[in-house]
Every structure is written in structure tokens, then in C-alpha cells.
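>>> Next come a sequence and a model predicted from it.
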Amino acid sequence: MFFRADKKNKGTLYINEPIEAGGGDGELTLNDVLADPLFVDEEYEHKAESERLRQLVNTRLDGRERQIIRLRYGFDGNEPLSQQQVADLLHISRSYVSRLEKKAVERLREQMKE
């Protein structure tokens, strides 16, 4: 009877069953490699928000504010810079960078709420 019942289940995959036989505690299961739909949805939302923010930076900020935000937050795969590094690069004071950044971030925050 056992073999008959087992024959019916032949080819059945169980979500927590190891994918490869190895006998270790760290075996990879099907559950480990399947995409979690909730996580995929969150990732999609995050990408959509990031894209919207990039568009707002490019369209709603003036040239200097845009440049400061892009440098400070590492747009286009660049490393984020400190306020002092941005100030040195643009030949302005660190406090001026701080004021412009604060103004630009507030403007972006308001636009993201709409």
C-alpha cells in the first residue's frame, strides 16, 4: 500500500523539500528560490517612486538645486558626496549647499505628496 500511495506522488514537489541532496542544514529549498509576490509588489512600488522622484528632480528643480541633489544623493550610480565635497566642487560655501539642499528636498517632498 505504501508503494502504491508513493507511486501516486511520484514527481510531486514539496515547497520545503531540499532541491539538491546533500544532507546539510543549509540545503536550498523550493521556498527559498520562489519569488514572494508581496516583495515583488513592494519592489515595483519602490522603483516607480524612485523614477517619479528622478523625473521631479530633472523637471522641478533649477540647475544648481538639481546639481546639488544629484551630487548629494549619488544619482546615476555615483557615490553620494558630503555637503563639504559638493561645496568644494561648486566653489560655494557648505552652508549655502545646506540651504539649497533643504529647499530642494522640501520642494520634492511637496511634489511627491501630490
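Great, that's in hand.
>>> Flag every buried residue along stretch 87-102.
Buried residues in stretch 87-102, defined by neighbour count with 16 or more other CB atoms under 10 Å: 87, 97, 100-101. C-beta coordinates here come from the backbone N, C-alpha and C atoms, glycine included.
>>> At which residues are the helices of this protein located?
With DSSP state H applied, the chain shows helices at 2-8, 30-33, 37-60, 63-72, 83-90, 94-113, listed in chain order.
>>> Which parts of the chain belong to which domain?
Using automatic domain parsing, the domain ranges for the chain come out as 1-34, 35-114.
>>> Cross-check the contact I'm expecting between Arg54 and Arg70.
No - Arg54 lies out of contact with Arg70 (CB atoms under 8 Å); the separation is 9.4 Å.
>>> Looking at the two, which has the bigger crowd around it?
Arg70 (19 against 13; other CB atoms under 10 Å).
>>> Quickly note the distance from the residue lying closest to the more buried one once chain neighbours are set aside to Gly63.
Here the nearest residue to Arg70 in space, its sequence neighbours aside, is Val57; by CB to CB, 6 or more residues apart in numbering that works out to 6.9 Å. The span separating Val57 from Gly63 equals 12 Å under the rule CB to CB, to the nearest Å.
>>> Who has more neighbours out of these two?
Regarding Val57 and Gly63, a neighbour count based on other CB under 10 Å identifies Val57 as having more, with 19 against 7.
>>> Please name the residues that touch the more buried one.
Applying CB atoms under 8 Å, 6 or more residues apart in numbering, we find Val57 in contact with 66, 69-70, 75, 108.
>>> Switch the residues you listed over to a markdown table, and while doing so, append pLDDT to every line.
Rendered in a markdown table, the data for these read as follows (pLDDT from 0 to 100):
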| residue | pLDDT |
| --- | --- |
| Arg66 | 93 |
| Ile69 | 91 |
| Arg70 | 91 |
| Phe75 | 85 |
| Leu108 | 89 |
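>>> Looking at the residues you listed, state which has the most neighbours.
Compared across those, Ile69 has the highest neighbour count, 22 neighbours, by other CB under 10 Å.
>>> isn't that one right up against Glu106?
No - under the contact definition of CB under 8 Å, Ile69 does not touch Glu106, with a separation of 11.6 Å.
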